[in-house]
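1. this is a predicted model, with the sequence first.
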Amino acid sequence: MKDLADDHTDRKAWMGLLAKAPAGRVTALLDASGPRPAFTWLRQPEIGSTMVRGRAGATGAPFNLGEMTVTRCALRLETGEVGHAYIQGRRKDDAEAAALVDALMQSPAGATTRAQVIDPLAAERHAAKATRAAKAAATKVDFFTMVRGDD
Amino acid sequence: MQPTALSGGFADPAIAAAHAFRAVMEATARPGTIHEITGAAPPAPLSTAAGTVILTLCDTDTPIYLAGAADCADVRSWIAFHTGAPIAGPTHCMFALGTWDALGPLDTYPKGSSDYPDRSATLIVECDTLTATGATLTGPGIKDSAALSLPETAAFQANARLFPRGLDFVFTCGARLAALPRSTRVT
């Protein structure tokens, strides 16, 4: 498991971006980057639900947070790369696009795909997070204690 | 992960699984009849029929026991990718898969209880030959009598005596399948 974690950090990052991308965004970016490669299905897109588990403070005992809808699929490019997708929501088109991106990222064309799909996604996600954090920061109240007179 | 693990699933899961389920149900309802069943392309040494039954009946809630040569890395990862079924020992399995020699002895498999006879295992037996000759079958679903090339008779007679408890059997050979539920009497 230790080796796996080291080898897959990069892939985990782009899988996470693809899974959390807003509806239609991955499809749009992939189509803008050029024609789609030919592929065969290993697993047709299918919709199911999965239990999301959490830990209080990220260290407590795991508990079931709730179920969420997930679309998944797997495909193989003609060049042999296998792409998987697990994305949130009921979006088979986006699952297909996400699996294609995952496969392309492992192929020799990975650098192009990174520049045209993954980097914009990462930038958008970063911007969205920053906007949200800024909105939250504007409502922040700092509590501080004035010097008390008693000591 | 091996390349064989990812390929060989149903091309159209809903329709292929419905066809396969119908074939398994017909085979169980009329013991001794032989049905064609296709759709899956499992890795060696599994037969097409055995792979199709696994894809149709197994999911994450049904532990599978792989006996003998069937217990190899290719088969394990194929089952993991396509069904998600956990691999278990013979005492805790709901399905068992292997040749007749590898599966025995039958005492170790769960046979259900009088209150819950459904909590028993189904054995998928890989056969070299499968023909409607040999041991005579009588019982529910058989008009007069039927014949099936069973690997032996004593074990199935002992199993039928446990009714309503007991094991159910599916025999597979290539793309063909027959079944022997616990209610069938073998002579």
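-> Now that the structure is in, tell me what you want to look at. Because the structure is predicted, anything quoted here is derived from the model rather than measured. Numbers count the residues shown, from 1 in each chain, chains lettered A, B, ... in the order given.
2. residue ranges for the helices of chain B, please.
-> Ranges of helices in chain B, per DSSP state H, are B:3-6, B:13-29, B:48-57, B:73-82, B:100-103, B:154-161.
3. next, count neighbours for B:S113.
-> The local packing of B:S113 (other C-beta atoms under 10 Å in any protein chain shown) involves 12 other residues. From N, CA and C alone the C-beta is placed, and that goes for glycine too.
4. tell me which of the helices of chain B sits most buried.
-> Among the helices of chain B, helix B:48-57 has the highest mean neighbour count (mean count of other C-beta atoms under 10 Å in any protein chain shown), at a mean of 25.
5. how far off centre is stretch B:148-158?
-> Taking C-alpha atoms, centre = their mean, to the nearest Å, the mean C-alpha location of stretch B:148-158 is offset from the chain mean by 15 Å.
6. buried set for stretch A:129-140?
-> By neighbour count on 16 or more other C-beta atoms under 10 Å in any protein chain shown, the buried set for stretch A:129-140 is empty.
7. kindly report the same for stretch B:27-41.
-> Quick answer for stretch B:27-41 (16+ other C-beta under 10 Å): B:27-28, B:30-35, B:37-41.
8. tell me, what's the model's pLDDT at A:L42?
-> In this model, A:L42 is scored at 89, pLDDT.
9. in CSV: the buried residues of stretch B:27-41, plus pLDDT and distance to chain A.
-> Shown next, in CSV, are those (pLDDT from 0 to 100; distance: C-beta to the nearest C-beta, whole Å):
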residue, pLDDT, distance to chain A
B:A27, 94, 27
B:T28, 94, 27
B:R30, 94, 32
B:P31, 93, 34
B:G32, 91, 36
B:T33, 93, 31
B:I34, 94, 30
B:H35, 94, 25
B:I37, 91, 20
B:T38, 87, 18
B:G39, 88, 13
B:A40, 87, 13
B:A41, 88, 12
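10. considering those, which is situated nearest to A:R132?
-> When the buried residues of stretch B:27-41 are compared for distance to A:R132 (C-beta to C-beta), B:A40 wins out at 46.9 Å.
11. excluding chain neighbours, give the residue nearest to B:T60 in space.
-> Nearest non-adjacent residue to B:T60, counting by C-beta to C-beta, 6 or more residues apart in numbering or on different chains: B:G84, 4.4 Å away.
12. who's in contact with B:P181?
-> Neighbouring residues of B:P181 by C-beta atoms under 8 Å, 6 or more residues apart in numbering or on different chains: B:28, B:31, B:141, B:168-169.
13. excluding chain neighbours, what is closest to A:R114?
-> Per C-beta to C-beta, 6+ apart, closest to A:R114 is A:M105, 6.6 Å.
14. around the residue of chain A found nearest chain B, how many other residues sit close by?
-> Using C-beta to the nearest C-beta, the closest approach of chain A to chain B is made by A:L42 at 4.7 Å. By other C-beta under 10 Å, the residues close to A:L42 number 20.
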